[in-house]
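Participant: Quick one, structure for this:
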Amino acid sequence: MSGEESISYTESIHRAKNIYRFPLIPVRGIPLMSHIANNWDEICAFQPHPSDLLIATYPKAGTTWTQEIVDLLLHNGDADVCRRAPTVQRVPFLEIFAPQPIPSGLELLSKMDPPRVIKTHLPIQLVPKGFWENKCKTIYVARNAKDNMVSYFHFDRMNQTQPEPGPWDGYIHKFMKGELGWGSWYDHVKGYWKERQTRNILYLFYEDMKENPRREVERVMRHLDLLLPDDVISRIVELTSFQVMKENPMANYTFIPKPIFDFSISPFMRKGVVGDWSNHFTAEQSKMFDEDYERKMEGWNIPFRTQI
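Facilitator: Next up is the predicted model:
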């Protein structure tokens, strides 16, 4: 997309009216923000092309990181090409129906030719059936529950369209009960894990990506049926490091103005580490959370790590 289109998109955000914290409305039992729920029939009816790629995550589990890795892999590690437009324009957010004049994910997708890379936070049972019927490749990224919750909490504080998070001690209970946008973390990670082999899903872990980013970039490359030289892989690993991405205006969301993202509260890319949860949980909160976690994840051998 051209620079003019990118500028126009950013300017449209500045002109957006009626920005407020959207309430949650259940869709098939999953709480979604009202602008998504109110347009659900159109979202559900979306028909992807078989060549489209879906990147799915629970919110704040490494979505932007994965989008940047994929975009660089598809463009042979060309940093300039991957700065052609903001992340939200290069990889449309399927279910977002933000207040006009911000274009919705479906609007952006309607103007793009396949193959397209598409982002979603929908749990697997709400993903439009066309993705599975057309055997679209999917990449799912999962992050350990404690760090995921901390990141989501700070995002909900700074994103003025997300429901009000309230105090930390109450947010823990909302998370455990699945009362946040896009529902239960537990059901989300289990749903994609259960279907990973039957639905062509590459299941990645945020902690593995932090521990050995090159290995995980190569896994994504193979999933995309690509074969890039070692020097290009090395460049992609460097360009998708947390520090480089935090300074990349096309990836760090600084193009979203303060009425929507209040960076004085928290940056969009905050820390990007494993184990930050220990700076937020009290010993009592951690014990309570761990006991609840064991009950909810009993019988699921999903290898999450809270430290590396």
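Participant: Please tell me how far Ile96 sits from Arg235.
Facilitator: According to CB to CB, to the nearest Å, Ile96 and Arg235 sit 31 Å apart. Heads up, the C-betas are built off the backbone N, CA and C, glycines and all.
Participant: quick one: which of the two has more around it?
Facilitator: Of the pair Ile96 and Arg235, Ile96 is the one with more neighbours under other CB atoms under 10 Å, namely 23 against 17.
Participant: hang on, Arg83 packs against Met250?
Facilitator: Yes. Between Arg83 and Met250 there is a contact at 4.6 Å, judged by CB atoms under 8 Å.
Participant: Pull up the overlap in contacts between these two.
Facilitator: Contact criterion CB atoms under 8 Å, 6 or more residues apart in numbering; no residue bridges Arg83 and Met250 by contacting each.
Participant: more crowded one of these two?
Facilitator: Met250 (21 against 17).
Participant: tell me the SS of the more buried one?
Facilitator: Here Met250 is recorded as coil under DSSP: H, G, I helix; E, B strand; the rest coil.
Participant: for it, what are its contacts?
Facilitator: With the criterion set at CB under 8 Å, 6+ apart, Met250 makes contact with 82-87, 90.
Participant: Between these, which sits nearest Pro31?
Facilitator: Within the contacts of Met250, proximity to Pro31 (CB to CB) peaks at Thr87, which comes in at 24.7 Å.
Participant: what's the burial count for that closest one?
Facilitator: Counted with other CB under 10 Å, Thr87 comes out at 21.
Participant: please renumber so the chain begins at 24
Facilitator: Shifting the count to begin at 24 puts that one at Thr110.
Participant: top of the contacts of Met273 by neighbour count?
Facilitator: Tallying neighbours with other CB under 10 Å puts Arg113 at the head of the contacts of Met273, with 26 neighbours.
Participant: quick one: it from Asn62, how far?
Facilitator: When Arg113 is compared with Asn62 (using CB to CB), they lie 22 Å apart.
Participant: now stretch 208-218: mean pLDDT?
Facilitator: With pLDDT averaged residue by residue, stretch 208-218 scores 98.
Participant: low-confidence ranges in the stretch 74-223 of the chain?
Facilitator: Within the stretch 74-223 of the chain, the stretches with pLDDT under 70 are 121-126.
Participant: again, 90 this time
Facilitator: Along the stretch 74-223 of the chain, segments meeting pLDDT under 90 span 104-106, 108-112, 120-127, 178, 180-185.
Participant: what ranges do the helices span in it?
Facilitator: 86-97, 110-113, 128-133, 153-156, 168-181, 191-200, 208-217 (DSSP state H, counting those that start in this stretch).
Participant: between the ones you listed, which gets nearest to Lys142?
Facilitator: Short answer: helix 86-97, nearest of those by CB to CB, at 6.3 Å.
Participant: Give me the contacts around that closest one.
Facilitator: With CB under 8 Å, 6+ apart as the contact definition, helix 86-97 has outside contacts at 76, 78, 80, 101-102, 105, 110, 113-114, 140, 142, 144, 162, 164, 227, 232, 240, 243-244, 247, 249, 251, 258-259, 262-263, 265, 268, 271, 274, 276, 291-292, 295.
Participant: Throw together a PyMOL command that grabs the buried residues out of the residues you listed.
Facilitator: Of these, the buried ones can be selected in PyMOL as follows, counting by 16 or more other CB atoms under 10 Å:
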select buried, resi 76+78+80+101+105+110+113+114+140+142+144+162+164+227+232+240+243+244+247+251+258+259+262+263+268+271+274+276+291+292+295
